[in-house]
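# when you get a sec, could you give me coordinates for this:
(one chain, ligands or ions: 1)
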Amino acid sequence: MSESSRKCLVTGGAGYVGSVVAAHLLAAGHTVTVLDDLSTGHRAAVPEGAAFVEGRVQDAGRWLDSSYDAVLHFAAFSQVGQSVADPEPYWRNNVGGTADLLAAMRDAGVRTLVFSSTAATYGEPVGVPVTEDAPTAPTNPYGATKLAVDHMIGGECAAHGLAAVSLRYFNVAGAYGPYGERHAPETHLIPLVLQVARGEREAIAVYGDDYPTPDGTCVRDYIHVADLAEAHLRALSAARDGEHLICNLGNGNGFSVHEVIETVRKVTGHPVPQIAAPRRAGDPAVLVASAERARETLGWTPRRPDLAGIVADAWEFARRGPEQ
Ligand SMILES: O=c1ccn([C@@H]2O[C@H](COP(=O)(O)OP(=O)(O)O[C@H]3O[C@H](CO)[C@H](O)[C@H](O)[C@H]3O)[C@@H](O)[C@H]2O)c(=O)[nH]1
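Purely as a prediction, here's the structure:
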């Protein structure tokens, strides 16, 4: 990986993944400006050492100038259920906002982009592990907007020589020091199970136990947020003018909902009551990544694949509370 210092704009850098990536960029000697409208992010999550601009990605052109080398783009609405209930803001914000960002980058002559994409672009997988050549058929507006942005970026690379990498995350989890997951409302499995362990929630609802999986519950590929961040730094170096590289990010190992709950019991030492609940609409039975392309093209190897370690870091963050 090139060690040259770059000036980076991190949109959504007050959110979960964005703040962890911003912290890694700073630690690697890069200069960081976070652009975040704080609609879902937290001011206190912006790492010390980063400049902060409170604003919308649609207005990135006001701040972006030729002194920047790269943009890492995380700002987006990301709740699957909400995107089904009210899709229009997802198109306006995720797709419209990125169109404005790409125009601002072109105007300013900023030619490198790393984009936060998702496994939701594939929808119900036709086979696992999921490679980047798998059909893309999102089952909800969230995934559809992220796929539309991937297409938009591809066009920008071909037409205007942008150097871009889209990273398709599977299930991001864990924490990195004071930076962790705190969505409101929380919908993700691991933080919810940890709330039960802390006594803040009575029981975890298991959404479906009749899936065609070994224990009947859904299987997911949980990837540590710090491993994810390292892939972004490598993507920054791997981006090539006129090319759009798409890489899945996961460990290639699946864990069921029951296995996650059991791991939380072991790591925390607390009982975690669970209740059976109906399936959640749109949940694929199994979602596991093939991350071969990321290994080959980015030279990336996850260093924290152990589920207990991922849960332990999330537990530490949940117990200590977020940065103030
Ligand atoms: O209270 C809960 C919450 C979740 N689950 C189950 O736990 C698994 C993981 O659910 P998460 O909500 O934590 O994660 P998803 O796999 O649904 O979501 C991930 O994949 C989505 C696309 O499918 C989006 O990309 C999303 O941002 C990303 O976190 C699923 O089988 C879900 O049904 C429960 O049983 N009970």
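# use CA for all of it now, contacts and neighbours both
OK.
# neighbours around the closest residue to residue 111 other than its chain neighbours, how many?
Of all residues not flanking residue 111 in the chain, residue 162 sits nearest, at 5.0 Å (C-alpha to C-alpha, 6 or more residues apart in numbering). Each residue near residue 162 was counted by other C-alpha atoms under 10 Å, and the total is 26.
# tell me the pLDDT at residue 162?
Confidence at residue 162, expressed as pLDDT, is 98.
# and it, how far is that from the ligand?
When C-alpha to the nearest ligand atom, to the nearest Å is applied, the distance between residue 162 and the ligand equals 25 Å.
# residue 114 is in contact with that residue, correct?
No. Counting by C-alpha atoms under 8 Å, residue 114 is not a contact partner of residue 162; they are 10.6 Å apart.
# residue 99 falls within a helix, correct?
Yes. Read with DSSP: H, G, I helix; E, B strand; the rest coil, residue 99 is one of the residues of a helix.
# for it, list the residues it contacts.
residue 152 (C-alpha atoms under 8 Å, 6 or more residues apart in numbering).
# mind running it again at 6 Å?
Counting by C-alpha atoms under 6 Å, 6 or more residues apart in numbering, residue 99 touches no other residue.
# return the backbone torsion pair for residue 137.
phi -140, psi 70 (degrees, to the nearest 10).
# tell me what it is bridged to.
On the basis of DSSP bridges, residue 137 takes part in beta bridges with residue 123.
# go ahead and confirm it touches residue 122.
Yes. Between residue 137 and residue 122 a contact is recorded at 5.2 Å, counting by C-alpha atoms under 6 Å.
# compare those two (neighbour count), which wins?
Counted by other C-alpha under 10 Å, residue 137 and residue 122 do not tie: residue 122 has more neighbours, with 23 against 15.
# ok, for that one, nearest residue in space, not its chain neighbours?
Among residues not flanking residue 122 along the chain, residue 136 sits closest, at 4.1 Å (C-alpha to C-alpha, 6+ apart).
# burial count for that neighbour?
Residue 136 has 18 neighbours, counted by other C-alpha under 10 Å.
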